[in-house]
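Engineer: This is a predicted model, with the sequence first.
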Amino acid sequence: MAEPAFTHIIFDLDGTILDTLEDLALACNHVCEARGWPTFPLDAYRFKVGNGMRKLVERIIPAEYYGDGAVYEQALAEFRARYAAHKEDHTAPYPDIIGVLDALRAAGIELAVLTNKDHDAACPLVERYFGDRFALVQGATAAFPPKPAAPVTLHVIEALGANPATTLFVGDSDVDVETGHNAGLRVAGAVWGFRGAAQLEAAGADYLARTPRDLLAIAGV
């Protein structure tokens, strides 16, 4: 059997391996409703998520409160509390993703997660739904600027002992394409996720995976 094309694959979390959209949207709309702010339909959140929880909350605050640090911090705290209590109400892995992860690991490929979701929120979700399939999980912390800035991705590559030339990044948005490319990685766009093929192609994804099983062919498994 030929060797896989990649030794390591780093996955985004939300919209790539885990469908978290409804729980994120409901937590945001809960904050909006409690404060008398306009709410947003579920599909609108496909373009609000991807840059971390702090940016997500910023995107739901009405324009008249822009720059009001106290309002922002209160809304962020309310969102985090609501999401922490309800982050598994509707969340689930995408169909076939667990089987694909197992096939990749069986081929000797080491897997990791890199997400802009708060680290303390990301780790329990990954453990709950994916067990020990990932060698490393890195969420947003104060130690690194969020994706797509390169330092956090380079940190993950170093922690894995990976070679960028044989490491693939998989994500569902333009943020993820930029994340991988900023760190010198090739990127597979997860078309099944929040943003879709047109944005991933326009962003310059090296590969388009229309289903999770397409990742097996991309990886040479």
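Structural biologist: Arrived safely.
Engineer: Could you give me the buried positions within stretch 22-41?
Structural biologist: 23-32, 37, 40 (16 or more other CB atoms under 10 Å). To be clear about C-beta, it is placed using only N, CA and C from the backbone, and glycine gets the same treatment.
Engineer: residue boundaries of the strands in this protein?
Structural biologist: Ranges of strands in the chain, per DSSP state E, are 8-11, 18-19, 92-93, 110-118, 136-140, 167-171, 186-190, 207-209.
Engineer: Most tightly packed of the ones you listed?
Structural biologist: Ranked by mean neighbour count under mean count of other CB atoms under 10 Å, the strands of the chain are led by strand 167-171, which reaches a mean of 28.
Engineer: neighbouring contacts of that one?
Structural biologist: If you take CB atoms under 8 Å, 6 or more residues apart in numbering as the criterion, strand 167-171 is touched by 5-12, 15-16, 114, 153, 157, 160, 176-177, 179-180, 183, 185-190, 193, 209, 215, 218-219.
Engineer: And the strands of the chain: which comes nearest E78?
Structural biologist: E78 sits nearest to strand 110-118 of all these, at 14.5 Å, using CB to CB.
Engineer: by how many degrees do that closest one and strand 167-171 diverge?
Structural biologist: Counting by axes from the mean of the first three to the mean of the last three CA atoms, to 10 degrees, strand 110-118 lies at 40 degrees to strand 167-171.
Engineer: Against which helices or strands is strand 110-118 packed?
Structural biologist: Judged by 3 or more CB pairs under 8 Å, 6 or more residues apart in numbering; DSSP states H and E, strand 110-118 is in contact with strand 8-11, helix 53-58, helix 97-106, helix 119-130, strand 136-140, helix 150-160.
Engineer: in its sheet, what does it sit against?
Structural biologist: strand 8-11 (parallel), strand 136-140 (parallel) (DSSP bridges).
Engineer: hmm, who's touching the shortest one?
Structural biologist: The set of residues that contact strand 8-11 without belonging to it, under CB under 8 Å, 6+ apart, is 17, 104, 109-114, 134, 153, 156-157, 160, 162-163, 166-171, 180, 185, 215, 219.
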